[in-house]
Structures are given as structure tokens and as C-alpha cells.
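pasting the sequence and the predicted coordinates here, then a few questions.
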Amino acid sequence: MARIIGGITTSHIPAVGNAIANEMFDEPYWKPFFDGYPPIREWLHDERPDVVINIYNDHGLGFFLNQMPTFAIGAAHEYINEDEGWGIPKLDPFPGDPELSWHIIEGMVADEFDIASCQELAVDHGFTVPMQLFWPGAPHNPEMPRAIPISANTVQHPIPTLNRALNFGKALGKAIRSYPEDIKVVVLGTGGLSHQLDGERAGHINREFDEMCMEKIVTAPEELTKISRMELVRQAGTQGTEFLMWMMMRGALTEKVTPLHKNYHIPISNTGAGTMLMECTD
Ligand code: DHB
Ligand code: FE
């Protein structure tokens, strides 16, 4: 049977894509951020997952305001990448795993989670920047697993609640674990932490709130479901709602997880950048 070995979170800031393209890893501005990744890359190298479920939020590339699924799952053989306007180099397509995708979609719909299935999906920086951070050279890193993108709406209200996000993850975890093949699966939650890119509060970052979220997502994710969407925007900023992806990832893991690594750095571009690795306990 398929096994979920752990969960990983990272911010997915487009400027990181440019820093990678220009190899700025050791520059003083970037070093404290990039130094958060080697321990996770080592864990991935040792564990060698077969599939990565990449939970991200599309920013207007795959979906736009005319068609906005609350939850969407990729079911394609490959996922093309385009730059939706940040000037990051376009990457080659990422290989998928349509068999597992359809197993997940069937399992989740049977579990009464109604989701959009996407046999075509262009993936943006929310998906690609984390892939490059964890598998340098992606999609041409030979250790890179097959990828299944899952996107949740954080662009147009109404966005899902934190409770729904955690429950989505639980149903996702159940669907993955019922897959009959003996494969190892790792789950990514990308985006966040606190940031607001526009409006009167542009530049808003909330270290205290971010640190609380990083602690509770390990020990007591259910407590975080009590935060309303309005309160999340107030505390974390309009784009800080990307924390929903972290909750979706967490729901797919075992109830108890072992935190193996974390890094938090302010600011990268406009964002409080958080990175975490949690291993499942069974
Ligand atoms: C930034 C952060 C994001 O999550 C994003 O999608 C775009 C930009 C930023 O901090 O610049
Ligand atoms: Fe984003």
C-alpha cells in the first residue's frame, strides 16, 4: 500500500525563482533563506519518495477569475509551466502520475469532497519554486518524484476555511493510503507565511503569528481551525491566507508527527518565509 512518509512546507516567493536562476545562494540577503533547505534535501535523498503531492495555490495562471475551483487536482501525464508575470525563467514540463491522481479523485469524491479534476493544468511559481528548492535542477533532477499538483483558491473570496483545509487533507491522506501500490509519498504545502502584496497594508508581516502557526501545526493543528478567515487575513495579510495549503498538507499526515527541521526568515521579498519538515510516525 502507499505510505505517506512526511510533509514539507515552504514559502513559494517568485523572487526565489529568480535568485535560483542567478545562483544567488551565498549572497547576504539570500543565504539565511537558502540555508534552510539542505537538511530537507538530505532527508529526501535518503527517503527517495516516488510521488510528491504539491499543494499550492494557483495565482492566475491555471485558473482565473472567470473559472475558480475551490479545490482542483491535477490528473495529467505532465504539467507545463508558464510565468504569469514575475519574469522567472519558464521550466520544462513536470511528469505526473495520472493513475494515482484518479485514485485520489475517486476516493475523495466518494468521501464527499467535490473537486475539479484537471487533465490539463499549467503550474505557476507556487508549484515550481518549491520543486526547485527541494530538487535542484527540477524537472531534470533524476531524484525528483512524479508530481501531482493540488490547488486551492486563495485568490477570490469565498476562500475555504482552515477547518475545511485540514479536513481536505485528512480525506486526501485516506485516499492516498488506500492506493494498492507500495509507493512512498511526500506532501508539500507551499505559500505563506504572513504577507500582503497590495493595498494599505502592503508589506504587512506578523512574526509572532507565523511562529505560533509553525508551532501549532505540529502539535495541535485542530486549534488553528478556530481562526476565522477574516482573522487569518487580519493577522497574516491578504496573501497570508496561503497558510491554508499548510493545513491541507498537515491533514494528510499522521495525527502525531516528528518535527525534523524548521527555518524562519524575514523578509524575503514581502514575505515571512517559513520552511518545515515533519515526518509521519507510522
Ligand atoms: C510574493 C509572495 C508570494 O507568495 C507570491 O505568490 C508572490 C509574491 C512576494 O513576497 O513577493
Ligand atoms: Fe503566493
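Now that the structure is in, tell me what you want to look at. Numbering: from 1, shown residues only. Ligands and ions are numbered 1, 2, ... in the order given.

what number of residues lie near the residue of the stretch 101-250 of the chain found nearest ligand 1?
Residue nearest to ligand 1 within the stretch 101-250 of the chain: H195 (5.1 Å; Cβ to the nearest ligand atom). Where C-beta positions appear, they are placed from N, C-alpha and C, glycine not excepted. For H195, the number of neighbouring residues by other Cβ atoms under 10 Å comes to 28.

next one: the one 5 residues further on
By the criterion of other Cβ under 10 Å, E200 has 6 neighbours.

contacting residues for M278?
With contact set as Cβ atoms under 8 Å, 6 or more residues apart in numbering, M278 has these partners: G6, G7, I8, V218, R250, L253, V257, T258, P259, L260.

which residues pair with the first one across the strands?
Think G6. G6 forms beta bridges with V186, E279, as assigned by DSSP bridges.

can you give me the strands for the stretch 51-200 of the chain?
51-56, 71-74, 78-79, 94-95, 116-118, 146-152, 184-190 (DSSP state E, counting those that start in this stretch).

so who does the residue of the stretch 1-150 of the chain at minimum distance from ligand 1 touch?
Closest to ligand 1 within the stretch 1-150 of the chain is I13: 4.3 Å, counting by Cβ to the nearest ligand atom. Listed by Cβ under 8 Å, 6+ apart, the contact set of I13 reads H125, V129, I268, S269, N270, T271, A273.

who wins on neighbours among the contacts of M278?
Using other Cβ under 10 Å as the neighbour criterion, G7 leads those with 29 neighbours.

surely I4 is within a strand?
Yes - I4 forms part of a strand when assessed by DSSP: H, G, I helix; E, B strand; the rest coil.

can you list the residues of the stretch 151-282 of the chain near ligand 1?
Within the stretch 151-282 of the chain, the residues that sit near ligand 1 (Cβ under 6 Å from any ligand atom) are G191, H195, L197, Q239, E242, S269, N270, T271.

noted, bye for now.
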